[in-house]
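Engineer: When you get a sec, could you give me coordinates for this:
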Amino acid sequence: MNEYQKKRFSMQIVKSMFNTITGKKIAVYGFAFKKDTGDTRETASAFVCRDLLEEQAKVHVYDPQVERSVMFMELSYTLQVTPESMPGLDDNLITSPDPYSAAEGSHAIAILTEWDEFKTLDYQRIYNSMSKPAFLFDGRNILDHAALREIGFEVYAIGKPVPSKMF
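Structural biologist: Down below sits the predicted model:
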């Protein structure tokens with residue numbers, strides 16, 4: 001994602017969720033800049049997480065290789081986001097041990113790294129555990145959007161038209 005896409009993706013999340021995410025739990029799947037690495041240098045996830053935190057969301061991140069300390073180092077180094085510059089950062093940016101706990105009770109999921117494991121998760125189980133309406137924002141276009149909509153998700157994908165509702 002380029003700079004414009006990162007900001008646009010963040011703002012699409014806010015806009016789609018009734019123009020406010022204050023106090024809402026957002027699960028972020030992936031913090032590494034690409035799959036199969038723990039490298040976070042200038043990852044799109046850092047920018048999106050910062051934007052969501054600025055909107056006062058509760059962000060729960062799951063990444064199979066990135067540790068919390070590395071996330072905080074990237075936020076500090078690249079974006080100057082620290083507990084001092086953003087009060088409440090420690091309480092509002094949570095690392096989750098698995099994708100299911102990250103999504104439990106969440107209002108939305110944002111896919112930000114194209115980890116293969118995200119393609120094979122039990123999305124029915126995830127949907128059942130989420131607040132409704134349940135939103136899914138696919139920033140990597142790696143999921144079967146039609147199948148997710150069939151489950152009940154409100155799906156938005158980067159570079160794809162916003163689906164129109166049929167009444």
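
Engineer: What segments of the chain are helices?
Structural biologist: 3-16, 44-54, 68-79, 89-92, 99-103, 123-129, 145-151 (DSSP state H).

Engineer: quick one: Thr22 and Gln56 touch, right?
Structural biologist: Yes - with contact defined as C-beta atoms under 8 Å, Thr22 counts as touching Gln56 (4.3 Å). For the C-beta atoms, the positions are set from N, CA and C on the backbone; glycine is no exception.

Engineer: where are the low-confidence patches of this structure?
Structural biologist: Along the chain, the parts satisfying pLDDT under 70 run over 1, 163-167.

Engineer: which one of the helices of the chain lies closest to Ile158?
Structural biologist: Checking those against Ile158 by C-beta to C-beta gives helix 3-16 as the closest, at 5.8 Å.

Engineer: ok so, going back, and Thr22 and Gln56? Which one has more around it.
Structural biologist: Gln56 (13 against 9; other C-beta atoms under 10 Å).

Engineer: quick revisit: relative to Val162, which of the helices of the chain is closest?
Structural biologist: Per C-beta to C-beta, nearest to Val162 of those: helix 3-16, 7.9 Å.

Engineer: That closest one to helix 44-54, inter-axis angle?
Structural biologist: 40 degrees (axes from the mean of the first three to the mean of the last three C-alpha atoms, to 10 degrees).

Engineer: name the helices or strands packed onto helix 3-16?
Structural biologist: With contacts taken as 3 or more C-beta pairs under 8 Å, 6 or more residues apart in numbering; DSSP states H and E, helix 3-16 sits against helix 44-54, strand 108-111, strand 135-138, strand 154-157.

Engineer: Pick the most buried one from those.
Structural biologist: For the helices and strands packed on helix 3-16, ranked by mean neighbour count under the definition mean count of other C-beta atoms under 10 Å, the leader is strand 108-111 at a mean of 26.

Engineer: ok, Leu75 - contacts?
Structural biologist: 46, 49-50, 81-82, 93 (C-beta atoms under 8 Å, 6 or more residues apart in numbering).
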